[in-house]
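>>> can you look at this prediction? I've put the sequence above it.
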Amino acid sequence: MSHASTLAREVPLEAAWETSSHSEVCCLIYATQNGWKLPILFEEMGVPYEWALVDFDEQEQKSARFLAVNPNGRIPALIDRGRGVTVAESGAILEYVAERFRSPLLPTLEEHLGLHLQVKQWLYWQVSALGPSMGQAMYFQRIAKVRGHDDPFAIGRFIAEAERCLQVLNDQLAASGGPFVLGERCTLVDVASFAYGASAYWANVDVSEMAHLRAWLDRLHARPSFATGLGVPFARPAFFGPPHATDDEIEAEIARNAGQFAVETKAPR
Ligand SMILES: N[C@@H](CCC(=O)N[C@@H](CS)C(=O)NCC(=O)O)C(=O)O
């Protein structure tokens, strides 16, 4: 159940660089697993933020204006008008924002060296392992296949790798004792990993035997900051499957999602 955010303020993309009394920072995002990381972060910190929609239907992530912030042409990105800097790549953004606002989501080196390093280790794991394997599992099933490119080997390969990563997360939750990935404290690792773990349904990864992962997902779905963040820019409950979405919502999302991305390939030389 998502709640309306009292911290978030939407601005048009063209106004994202303009100073505002609401917040010095503006998140450039769309409603995806990487995009939701930023609203979840700000909601969890309790810090006001602005956000601008980078509209995938208009391919705005490939526009000159956006590429000037992130030449890689992918969301999320952050504009910090207060300090006159921009940053892209979700892991780098989470670290920067947590340090800028001195958030306990990233303990400092001085406060707790061991936990600081664990947060970095698992954050890099999320962006390099969990995210890409889930992303490819979803891409081959929810985009390529729906658009007529069914590749059972690629689908099987990425489901297996995504499942392996979610099992690693499940085992880490068992080892730490929870309730968060690294134990008692909510960290950037929970912020970064939640929407991907929650999307196991969309990636067709079977997590029915992963009790620690499922309990963690239920806890974070029920946590007001995470639930609110998942609604900015907008909710896509179909990614999380029943009971979060109805059959009609899932059907509608299958068609809409597939239409948002081009299927680009190149023949090997
Ligand atoms: N490594 C990047 C990945 C970003 C990413 O893959 N973003 C996706 C949305 S989840 C995107 O912008 N896709 C649009 C496209 O590929 O055109 C990060 O962690 O920020």
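Good, I have the coordinates. Numbering: from 1, shown residues only.

>>> which ones are touching the closest residue to residue 198 other than its chain neighbours?
Closest residue in space to residue 198, ignoring its immediate chain neighbours: residue 240 at 4.9 Å, by C-beta to C-beta, 6 or more residues apart in numbering. (Glycine included, C-beta is placed from N, CA and C.) Going by C-beta atoms under 8 Å, 6 or more residues apart in numbering, residue 240 touches 198-199, 201-202, 221.

>>> how is the protein divided into domains?
The chain breaks down into these domains under automatic domain parsing: 8-100, 113-259.

>>> between the contacts of residue 240, which sits nearest the ligand?
Closest to the ligand out of those is residue 199 (10.3 Å), distances taken as C-beta to the nearest ligand atom.

>>> so that closest one touches residue 34, yeah?
No: applying C-beta atoms under 8 Å, one finds residue 199 not in contact with residue 34, separated by 11.2 Å.

>>> buried sites along the longest helix seen in the chain?
Ranked by number of residues, the top helix in the chain under DSSP state H is helix 152-176. Of all the residues in helix 152-176, those buried under the rule 16 or more other C-beta atoms under 10 Å are 154-155, 158-159, 161-163, 165-166, 169-170, 172-173, 176.

>>> same check, this time on stretch 133-150
Applying a neighbour-count criterion of 16+ other C-beta under 10 Å, one finds 133-145 buried in stretch 133-150.

>>> before we move on, what about stretch 194-205?
Residues of stretch 194-205 classed as buried under the neighbour-count rule (16+ other C-beta under 10 Å) are 194-205.

>>> can you tell me which of these end up in helices?
Reading helices off the buried residues of stretch 194-205 with DSSP H, I get 194-198.

>>> in TSV: those residues, plus distance to residue 59 and pLDDT.
TSV is the format used below for these (distance: C-beta to C-beta, whole Å; pLDDT from 0 to 100):
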residue	distance to residue 59	pLDDT
194	27	98
195	22	98
196	24	98
197	28	98
198	26	98
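
>>> tabulate those residues in CSV, adding columns for distance to the ligand.
As requested, those are exported to CSV (distance: C-beta to the nearest ligand atom, whole Å):
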residue, distance to the ligand
194, 14
195, 9
196, 9
197, 14
198, 14
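
>>> which pair in the buried residues of stretch 194-205 spans the largest distance?
194 and 204 (18.9 Å; C-beta to C-beta).

>>> which parts of the stretch 51-200 of the chain are helices?
Along the stretch 51-200 of the chain, counting by DSSP state H, counting those that start in this stretch, helices occupy 64-67, 90-100, 113-125, 131-138, 152-176, 188-198.

>>> now the last one against helix 152-176, angle please.
Spelled out, that is helix 188-198. Put simply, helix 188-198 runs at 140 degrees to helix 152-176, going by axes from the mean of the first three to the mean of the last three C-alpha atoms, to 10 degrees.

>>> next one: the fourth one
When the same axes, to 10 degrees is applied, the directions of helix 131-138 and helix 152-176 differ by 140 degrees.
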